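Colleague: Following is a predicted model, sequence given first.
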Amino acid sequence: MLNGREQFLHILKVKLPSVIHSFKLHKNIIYQTVKEYQEESYSCLNEKEILEITNLKTKEKVLIVDSNKQKNIYNNFSFIIQVKDIKGNLKQHIEEGCWVKHQDLLKEGPSKHNAENVRKTWANNLFPHGSGKEKRGLREPQVGALYSALSHWTVSDDPATIVMPTGTGKTETMLSVMIGAKTSKILTIVPSDALREQISSKFISLGILPRFGIVGKVKYPIVGVLEKRIKDINELIEFFSICNVVVTTMSLLSGISGEQKEKIATMCSHMFIDEAHHIAAKTWSEFKSYFKEKRILQFTATPFRNDGKYIDGKIIYNYPLNKAQEEGYFKPINFIPIEEYNESMVDQTIAEEAVQQLKKDLDAGYDHILMARVNSAKRADEIHEIYKRYSGYKPVKIYSSMNVKEKTDALQQIKTKKSRIIICVNMLGEGFDLPQLKISALHDRHQSLGITLQFIGRFTRTADGLGNASLIANIANHTINDQIQELYQQDADWNQLIQQKSKESIDRRLDLDNLANDFQGDQVESFSIQELRPKTSTVVYKTKLPKWAPETLEKRVSTLDNTWILKNTHENVIIVVQKRNTPLTWSNTRKLYNTLWESSIFYWNEEKNILFVNSSANEWLDSWVKDLIHEPIRINSDVVFHSFHDIQRLQLNTVGLNEAVKGPLRYRMYTGVDISEALSTAEKRTSVKSNIFGIGYELGIPVSVGASYKGKVWSKSTSDLPTWIEWCNKTGEKLTNEDIKMDDILKGVLRPTVVNDIPAMSPISVDWPVYLFENNYFNAELKIGPSKRNLFETDILFISKEKKTLSFEIMSGDISSKFSMKIEDNRPVYAHEHGPKIEIIPSTKAQPINIVSFFTENNVIFQYPDTSYLEGSIFVKVPDNEFVFDKDKIEAWDWTGIDIKKESQYAPKINTVRKDSIQYKVIQTLKMNNKYKIVFDDDGSGEAADIIAVADNKRVLQFEFYHCKYSNKERAGQRINDLYEVCGQANKSVDWRKNLLKIINHIRHREKLRNKADKRSRFEIGDHKELAILESKMKVYDLQLKVFIVQPGISKDKMTQSQLNILAATEHYLQSTFKIGLTVIGNK
């Protein structure tokens, strides 16, 4: 009764809030639910801002107030609930309220004896399939995960991992495991403060377990929420002793002392890790070491860390993402791609599309909220300004640097649906559970697959009144991880792709786990097969008997101290780990020593009957090999060099030879220019090849290979165990191929030699030093007399070979200077012949230096018709090979009306286009094709090609370089000179293919210079905007380069063998490096 005045309002069906006792202990709070209510009917009486409700069955009266002051006025009430507001949605306000007076609230905190009393009530009180009237039970993935954990602990105490997609109920699974296993004390670790609040509230209330009949009459766990460090060890012991569960973050735990960590591990029986992919490897490894004897259970949707490290712990349960979608736990995703390449319009376009989707969903009756995701507070402010235009949805923003009140107000606006748009900086991921978040506008995208999958899961949760999730993202202008690149493509089916990507990533982890789990044998402390990273090397043995005997090696190893053996009979792999104490190199003392851990890996390929051996100590393990296979024969001598087979443009870095000339065997190591001498000696059979290491190209990819005649093969890389096995199999294919001949391999090797004189044949081109082109192409400047020029507007051109001197010129526009190079005493000598003096500023901060002095330290590169090259006094000779050029690759054009002696279309001096030029003919032909996004006239000093064309062909960007050259005569003929220079230009295309993105900046700089001179644009098709679009596409599209040689001075019908030979050499060079295609355009 309120002041003797009663007014009957209505009957309200409501579930009163749980009675949760809480008290502060050592700056942290401990909670326990002491009473749970069911939904029941109440009569409601009110006066002003006070509400009295009465249970229709029990007649129990409860006072509802909305301020702390009011609750003290009515001391005659035994039950008082404080709410935020008694107006509006009364049912929601009461259910979200809290008890301030209740007979079951404890006056004092629970004692350490209470935790054990609570645990005892859990025995035989878990009903995974439900009980009572509700009998809804756990979901299928939750039941599977629960039984997997309980089953695992019957046979093992090793760390275990449960993989469940976001939205399938990981938290309720944790609660069920706690009750089912009757855990004594759990330390639950989460990655963030928000998730600590969410998970702890679930432990306090037991989530859906009571309501769905999953637990019987149990006492609720005593839950400690550790938000602040407890410095005193005794206070820490008191805090943990009271609790059944302590929830905290790894960041807090990493800051406590080792003594405290040890004490926590002693007191806890179990450790649960939620969102395990967040925990940094080093932090986690250090803390986990204190829990060696305890049961560790990790929960994640993506079993790979954000820092790229391996998550240890056997995956004991993996519920696939596609099954979660099939069962309806994971709502379908509507991916709406935006392809906006204008950076200034991207955010506006995304916002417009996202708001349009929000309006559409709300009109359809769905209770949806839009979240705009950005990566910084600055970006949040920028994006908020855009969304403020849609004032009807009252957009709010939230990020960590805002004050507490601002963040609380923003979240309240979203929770109460007063706002339908929130802009956030990673604030609404883990730890924020709001199913109404259904539209995500990705203004800034995640860079890793794991975080992307976690993020997506937040928007695909199911609930009544909700539709499917929508994600809006710009698929242009972003550099993203290769793993998720496919997600952000125009026709991407996210429902299929996220299943596929999740499955691929988890399958890789499972494959590695399965390989590791199949190993049996000794347990090695702190050793994980999943983290094994052997060097990519092996020694290979063959045998006539098609079997191996691993048990024999096991017997031997069992007798050795500090030696452990693990065996995988399915994959035929043995790993032996040894701990060794070795003497110090800097002291004779016996009391100090180095401790080394070494691994030896043995892999038996039963198909080839060969054994691969890898030793971290680089030891020969012949005695152990004899235990494994009968009469082993080490593959060595020339056969081991078969590993170089199919390596194109192989360039050897080192060659070691054992020589036996005029005396005892001698070993010599050859490097650099001495390689040629080594190969010559080896071919004359006056020595034995000891070891060779080189680099080259295989299938268009740069590779490195090394081999020793004793039997070792290696590559400069490390790998995990499955990758090492795959590399071994590939190497084994070569070593057992009897058709491979070592002489054939050596024939293809590039041979550097120091020459005393200029080679007899004439070069066809000269190029800048590699250092300049690859590192400072856009930064280097040349001072040519009084003028300054950039490298990209300057040409270096070969002029002639006269006796023992090579002449070349540096030219920019009308300015040129001539230089020469000859070789004296095995050293290049450069000279300035005539023209203005040139100084070079090779980088932004460098001082000017005379270019002759610069060339003395950084040699120019002369290239020859057969693609051999001279760099200073080092001549790299390409072996003589009979490459054949197919005449059908020559396109015979009709050049009627074209002066084939006139190359360039543009005459800059008179600012006119010459329509009878070769270049004009080619450009007009390309323009009529209608397939090109860019056609660019790059002709002139500093050109990459005369014409650069780019076509967009079904998500493949095809770059075409057209190298045009005028004819020396008015009619087409058989002149070899018509091909020399243009073939040299074509060969330079390889330098651009190494990084095709560089060509975009090259085009920009070239057009800028043309505009600055107020001359005709170089763009024949396209413009700067289209160029920016292509640049963005280059980050996600496949890239191809084709080279065209245009020389109307050659006749297809009258090609000589000399002409075909130079074309064949050019084609082979382009193909053997980066698989660049070559087409020749000539005359009839």
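Modeller: It's in.
Colleague: Please parse the chain into its domains.
Modeller: Residue ranges for the domains of the chain, per automatic domain parsing: 8-101, 112-325, 331-495, 539-634, 639-753, 755-877, 887-1083.
Colleague: CSV for the ones you listed, including distance to Asp522, mean pLDDT and mean neighbour count?
Modeller: C-beta coordinates here come from the backbone N, C-alpha and C atoms, glycine included. Shown next, in CSV, are those (distance: least, Cβ to Cβ, whole Å; pLDDT from 0 to 100; neighbours: other Cβ atoms under 10 Å):
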stretch, distance to Asp522, mean pLDDT, mean neighbour count
domain 8-101, 43, 85, 16
domain 112-325, 15, 88, 19
domain 331-495, 33, 77, 18
domain 539-634, 4, 89, 16
domain 639-753, 17, 76, 17
domain 755-877, 50, 91, 17
domain 887-1083, 48, 91, 18
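Colleague: Could you export those domains as a markdown table, including distance to Ala516?
Modeller: Putting these into a markdown table (distance: least, Cβ to Cβ, whole Å) gives the following:
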| stretch | distance to Ala516 |
| --- | --- |
| domain 8-101 | 39 |
| domain 112-325 | 8 |
| domain 331-495 | 20 |
| domain 539-634 | 8 |
| domain 639-753 | 8 |
| domain 755-877 | 42 |
| domain 887-1083 | 35 |
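Colleague: closest to Leu512 out of those domains?
Modeller: Among the domains of the chain, domain 639-753 comes nearest to Leu512, with 6.4 Å by Cβ to Cβ.
Colleague: need the longest strand for this structure.
Modeller: strand 1038-1051 (DSSP state E).
Colleague: and that strand, what does it pack onto?
Modeller: helix 918-929, strand 956-964, helix 977-987, helix 989-993, helix 1057-1074, strand 1077-1083 (3 or more Cβ pairs under 8 Å, 6 or more residues apart in numbering; DSSP states H and E).
Colleague: change it to 10 Å
Modeller: With contacts taken as 3 or more Cβ pairs under 10 Å, 6 or more residues apart in numbering; DSSP states H and E, strand 1038-1051 sits against strand 890-892, helix 918-929, strand 947-952, strand 956-964, helix 977-987, helix 989-993, helix 1057-1074, strand 1077-1083.
Colleague: What strands line up against the first one, and which way round?
Modeller: Right, the one you point to is strand 890-892. strand 1077-1083 (parallel) (DSSP bridges).
Colleague: chain center to the strand it pairs with, what's the gap?
Modeller: 40 Å (Cα atoms, centre = their mean, to the nearest Å).
Colleague: just the angle between it and strand 1038-1051, please?
Modeller: For strand 1077-1083 against strand 1038-1051, the angle by axes from the mean of the first three to the mean of the last three Cα atoms, to 10 degrees is 30 degrees.
Colleague: For Leu560, which non-adjacent residue is closest in space?
Modeller: Once flanking residues are discounted, Leu560 sits nearest to Gln578: 7.7 Å by Cβ to Cβ, 6 or more residues apart in numbering.
Colleague: cool, and Val355?
Modeller: Nearest to Val355 is Tyr390, by Cβ to Cβ, 6+ apart, at 5.1 Å.
Colleague: Which residues are in contact with that neighbour?
Modeller: Ala351, Glu352, Ala354, Val355, Leu358, Lys359, Leu370, Arg420, Ile421 (Cβ atoms under 10 Å, 6 or more residues apart in numbering).
Colleague: Secondary structure element holding the second one?
Modeller: Secondary structure assigned from DSSP states H and E places Glu352 in helix 346-363.
Colleague: could you dump that helix to PDB, C-alpha only?
Modeller: The C-alpha coordinates for helix 346-363 follow below in PDB (Å, rounded to 0.1, in the frame of the first residue of the first chain):
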ATOM      1  CA  VAL A 346      34.700   5.900 -50.800                       C
ATOM      2  CA  ASP A 347      33.300   6.600 -47.400                       C
ATOM      3  CA  GLN A 348      30.300   8.500 -48.600                       C
ATOM      4  CA  THR A 349      29.500   5.700 -51.000                       C
ATOM      5  CA  ILE A 350      29.700   3.100 -48.300                       C
ATOM      6  CA  ALA A 351      27.600   5.100 -46.000                       C
ATOM      7  CA  GLU A 352      24.900   5.700 -48.600                       C
ATOM      8  CA  GLU A 353      24.700   1.900 -49.300                       C
ATOM      9  CA  ALA A 354      24.700   1.000 -45.600                       C
ATOM     10  CA  VAL A 355      22.000   3.400 -44.700                       C
ATOM     11  CA  GLN A 356      19.900   2.300 -47.700                       C
ATOM     12  CA  GLN A 357      20.200  -1.300 -46.400                       C
ATOM     13  CA  LEU A 358      19.300  -0.200 -42.900                       C
ATOM     14  CA  LYS A 359      16.100   1.500 -44.200                       C
ATOM     15  CA  LYS A 360      15.200  -1.500 -46.200                       C
ATOM     16  CA  ASP A 361      15.600  -3.800 -43.200                       C
ATOM     17  CA  LEU A 362      13.600  -1.600 -40.800                       C
ATOM     18  CA  ASP A 363      10.800  -1.200 -43.400                       C
END
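Colleague: Quick one: name whatever helix or strand follows that helix.
Modeller: Trace forward from helix 346-363 with DSSP H and E and the next one is strand 369-373.
Colleague: Checking Gln530 next. Helix, strand or coil?
Modeller: At Gln530 the chain is in helix, as set by DSSP: H, G, I helix; E, B strand; the rest coil.
Colleague: Can you get me a residue count around it?
Modeller: Neighbour count for Gln530, taken as other Cβ atoms under 10 Å: 17.
Colleague: My read is that it contacts Leu515, right?
Modeller: Yes: counting by Cβ atoms under 10 Å, Leu515 is a contact partner of Gln530 at 8.4 Å.
Colleague: Find the residues that touch each one of the two.
Modeller: Here Gln530 and Leu515 share the contacting residues Asp720, Leu721, scored by Cβ under 10 Å, 6+ apart.
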